[in-house]
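K.L.:
model the following, please.
(2 chains)
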Amino acid sequence: MHTNVKLDTSSLLSTKRTVKVLLEYSWALLFFLPALIFYVMIILLPLVTTIQLSLFDWDGMRPIMNFVGLDNYTGLWSQPRFLASLVRTCVWWVLHVVFAVGGGFVIALLIAQIRVGQNIFRTLCFFPHVLSLSVVGIIWAQMYHPNIGIINMTLNSLGLGSLTRTWLGDPTLALPSVGIASSWQAYGFYMVLFLAGLQNIDPQLYEAAVVDGAKPWQRLRYITLPSLRNTMTLVLSLAFINALKGFGTVWAMTGGGPSNSSELVAVYVWRDAFQSSEIGRASAAALTLSFAVIILTILFNQWRDRNGE
Amino acid sequence: MSGKSMKVYSYTMFILLIIVTVATLFPFLWVMSSSFKNDAEIFGSTSFLPKQWHWENYYIAWTYGKFGVYFWNSLVVALAVTLLVCLIACPAGYAFAKMRLKKHPYIFYLILFGMTMPAQAVIIPLFYQLKSYGLLDTLLGLIIAEVGLELPFSIYLMRNFFLDLPDELLEAAVIDGSGTWGVFRRIMLPLSKPAILALAVFSFLGSWNEFLLSLLVLISNEKRTIPLGLMRFQDLHTSDYGVAFAGVVLAFIPSIIMYVLLQRSFVRGISSGSLK
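P.N.:
Residues are numbered from 1 along each chain as shown, chains lettered A, B, ... in the order given. Next up is the predicted model:
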């Protein structure tokens, strides 16, 4: 009898506990639900559809889609235009790292050296980053303009008329020209990250180095660079991913031209889908790009975790 | 280093910085000064400042360019996106930081995935989806798409913030008899004001400058936001240079003003959001 009563209360307690846990789960789900709806509608469902579309041949209008298996993918890897856009994306990444990351780093170092006015310089150098990519593209298209652009006009007035170019109309110059415009917009972001990293370095390290008579470049080599290792890996991984996603500036300035010479993978996807109506192939290209971005992000994060601490 | 060479060193740094800053701001200054010139001066003159200030460029750009419409569209979209993102990301971030979802990291990987994935992976079906719901070429369609793609990062940001709040706060409130909603509403939300402000600034400027999705969703001229409207404006004024320059200035002035007003929370948001 006695044992029975005891069993009853404990089972009652455990039911109560189960109800409590269930209630907690329901609350958590309720808090997450609106976000989940958006996630499913705008990310998950379209993503699954992209995967599906990449297996079909479709022009975006006909009611019939032909199942072609992996043909879109194999077709991509044998298409010179797509392969060229991949190579160009790598070139774009190098331009981005050299000018945007490099520029951001050098300017952050300069700002960290001065005592007064750090905030003013940081604020002013960050200005280009708050613009829309289309505005950036249009400002620079005007700077590069063959007749009224400041670049050619300055070269002419300096007597260097032989150096003037149609910057965005020349297939060999279009991509680097757009790359510089894009870096002008992007460097402020990396500069802010580098500055945050620089502010975390113990000033006593520098004081000790000055007492020991270390030259500025020695302080850079032996204190600043090693202390910035974590910031550096973060910035490089962000730069890599941003470069892969590069679209807006190119689209506003050249639209991928002239003769595809500034067509990055993201631009290729857009033109293939919405200008050539090659929905299947464009989907395959979009997924290839996404796959690359996600794999690289995971690798970078693992690298960071291993390098960190 | 002696005091004197220290001084020379910091002066050199200062001058270098001024050069770099002027170079950074130069495109803005050049576009602004050109926006007051007439075509003859844009072609012929080498002087940086206009000889005559042609304010009518702005008048023409404003009246023919529909910048008033573009501005209004941008404002509506950015405000709606900001409001929705804050309302949705706040409880979701909280659910991942302090509620039962905390114990299920795999659901959170979905959020991380959404943050990392490039928009290209979804835009093609999204276009046809919006079309079939009649949301193509509507501001509502653009708002929904932007919120969906903004949310993962926003949830991540809010989760990181709530993770930093001590659990003891929650336990104490539960002992005091507050329910789940009461704890969130009366204790957690008031504490998260700075984080929500940073999130709001982020999503507002992000939406204000958004380009790819606007290009996908908006078609007719009356629906365009500033980034898209400016592109059309430039196409229409390829031979009217002074007016084209004035259009660019009209497009970037609001961003610059907002940034100057909000720059503290913006820059802080970048460093805290990315360094976590």
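K.L.:
B:M115 and B:S154 touch, don't they?
P.N.:
No - using C-beta atoms under 8 Å, B:M115 makes no contact with B:S154, being 9.5 Å away. Heads up, the C-betas are built off the backbone N, CA and C, glycines and all.
K.L.:
more crowded one of these two?
P.N.:
The residue with more neighbours, out of B:M115 and B:S154, is B:S154; 27 against 16, by other C-beta atoms under 10 Å in any protein chain shown.
K.L.:
what helix or strand does the closest residue to that one other than its chain neighbours sit in?
P.N.:
Counting by C-beta to C-beta, 6 or more residues apart in numbering or on different chains, B:A89 is the residue found nearest to B:S154 once chain neighbours are left out, at 3.7 Å. Taking DSSP states H and E as the definition, B:A89 sits inside helix B:67-98.
K.L.:
next one: that helix to chain centre, how far?
P.N.:
11 Å (C-alpha atoms, centre = their mean, to the nearest Å).
K.L.:
buried set for it?
P.N.:
Within helix B:67-98, the residues that qualify as buried are B:67, B:69-71, B:73-75, B:77-78, B:80-82, B:84-86, B:88-98, counting by 16 or more other C-beta atoms under 10 Å in any protein chain shown.
K.L.:
cool, and stretch A:278-291?
P.N.:
By 16+ other C-beta under 10 Å, the buried positions in stretch A:278-291 come out as A:278-290.
K.L.:
quick revisit: ok, the residue nearest to B:S154 - contacts?
P.N.:
Going by C-beta atoms under 8 Å, 6 or more residues apart in numbering or on different chains, B:A89 touches A:A35, B:L151, B:S154, B:I155, B:L157, B:M158, B:L199.
K.L.:
now do B:I155
P.N.:
A:A35, B:A89, B:A92, B:G93, B:F96, B:I111.
K.L.:
then A:K245?
P.N.:
Contact analysis of A:K245 by C-beta under 8 Å, 6+ apart lists A:A266, A:V293, B:P118, B:A119, B:Q120.
K.L.:
could the residues you listed go into CSV alongside pLDDT, secondary structure and distance to A:M253?
P.N.:
Listed next are those as CSV, based on pLDDT from 0 to 100; DSSP: H, G, I helix; E, B strand; the rest coil; distance: C-beta to C-beta, whole Å:
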residue, pLDDT, secondary structure, distance to A:M253
A:A266, 94, helix, 14
A:V293, 90, helix, 23
B:P118, 92, coil, 20
B:A119, 93, coil, 19
B:Q120, 93, helix, 19
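K.L.:
most surrounded residue in the residues you listed?
P.N.:
Ranked by the number of neighbours (other C-beta under 10 Å), those place B:Q120 first, at 28 neighbours.
K.L.:
the residue nearest the centre of chain A in helix, strand or coil?
P.N.:
Nearest to the geometric centre of chain A sits A:N242, at 1.5 Å (C-alpha atoms, centre = their mean). The local conformation at A:N242, judged by DSSP: H, G, I helix; E, B strand; the rest coil, is helix.
K.L.:
thought it was touching A:Y187?
P.N.:
No - using C-beta under 8 Å, A:N242 makes no contact with A:Y187, being 11.5 Å away.
K.L.:
quickly list what's touching both of these two.
P.N.:
By C-beta under 8 Å, 6+ apart, no residue touches both A:N242 and A:Y187.
K.L.:
one step back: do you know how far the residue nearest to the centre of chain A is from B:L29?
P.N.:
27 Å (C-beta to C-beta, to the nearest Å).
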